[in-house]
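Engineer: I'd like to go over a predicted model; first the sequence, then the structure.
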Amino acid sequence: MRGGDNTNFLNFANESLNNLIRDMPINFVRKLAVSLGLNVVQAPNWILTPSLFTMTTLAGHIIKTTTLTERNAKVSDFGDINHLTYLPYVDLFRADGFISSVINDVKLPFETVVVSKLINLPNAIEKSLNRRP
């Protein structure tokens, strides 16, 4: 698109990546089931498979953000995606600035507090403990 308007391409890329994000959880489950010789009886969702949905949804958003911005993919992104499986089950989750911003942008359906800076973790832990009955 040299010298041309990139708007159409960016709109197409954005729509394609949104479709990827939407379909990633079910496609992942179907491929896994086939590889194990199983049938998928019910589609995965936030209630039945919160870790799977969190991991695949955020992986899609990481891919989208990396594709549509100047940020280069990092080897550590895979580890970050793997750690996201814990997100639905913890009160606090420590992640770097990029992953924290992706998590906050997605607006997940649970109340995990995401801490983007290690220096803020002790204060976040203290606040979490003070909220408990």
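Structural biologist: Arrived safely.
Engineer: so what's P50 closest to, chain neighbours aside?
Structural biologist: Of all residues not flanking P50 in the chain, P88 sits nearest, at 3.7 Å (Cβ to Cβ, 6 or more residues apart in numbering). Heads up, the C-betas are built off the backbone N, CA and C, glycines and all.
Engineer: so who does the one you found touch?
Structural biologist: If you count contacts by Cβ atoms under 8 Å, 6 or more residues apart in numbering, P88 has them with 50-51, 54, 108, 110, 112.
Engineer: now which of those would you call buried?
Structural biologist: Of all these considered here, the ones buried according to neighbour count by 16 or more other Cβ atoms under 10 Å are 50, 54, 108, 112.
Engineer: quick check: helices, which of those are part of them?
Structural biologist: Secondary structure from DSSP state H places 50, 54 of those in helices.
Engineer: measure stretch 42-58 end to end?
Structural biologist: Looking at stretch 42-58, the gap from its leading to its trailing residue is 21 Å under the measure Cα to Cα, to the nearest Å.
Engineer: that older thread, for the contacts of P88, which one is nearest T69?
Structural biologist: Minimum separation from T69 among the contacts of P88 (Cβ to Cβ) is found for L108, which lies at 20.8 Å.
Engineer: distance-wise, check the residue nearest to the spatial centre of the chain relative to T69.
Structural biologist: Among the residues of the chain, L58 comes closest to the average C-alpha position under Cα atoms, centre = their mean, at 1.2 Å. Shown here: L58 relative to T69, a distance of 16 Å by Cβ to Cβ, to the nearest Å.
Engineer: again, but for R131
Structural biologist: For R131, the distance to T69 equals 35 Å [Cβ to Cβ].
Engineer: which residues in this protein form helices?
Structural biologist: Along the chain, the segments classed as helices by DSSP H run 7-36, 50-68, 76-83, 97-106, 121-131.
Engineer: that older thread, which one of the contacts of P88 is nearest V102?
Structural biologist: Distance to V102 across these (Cβ to Cβ) is lowest for L108, with 10.5 Å.
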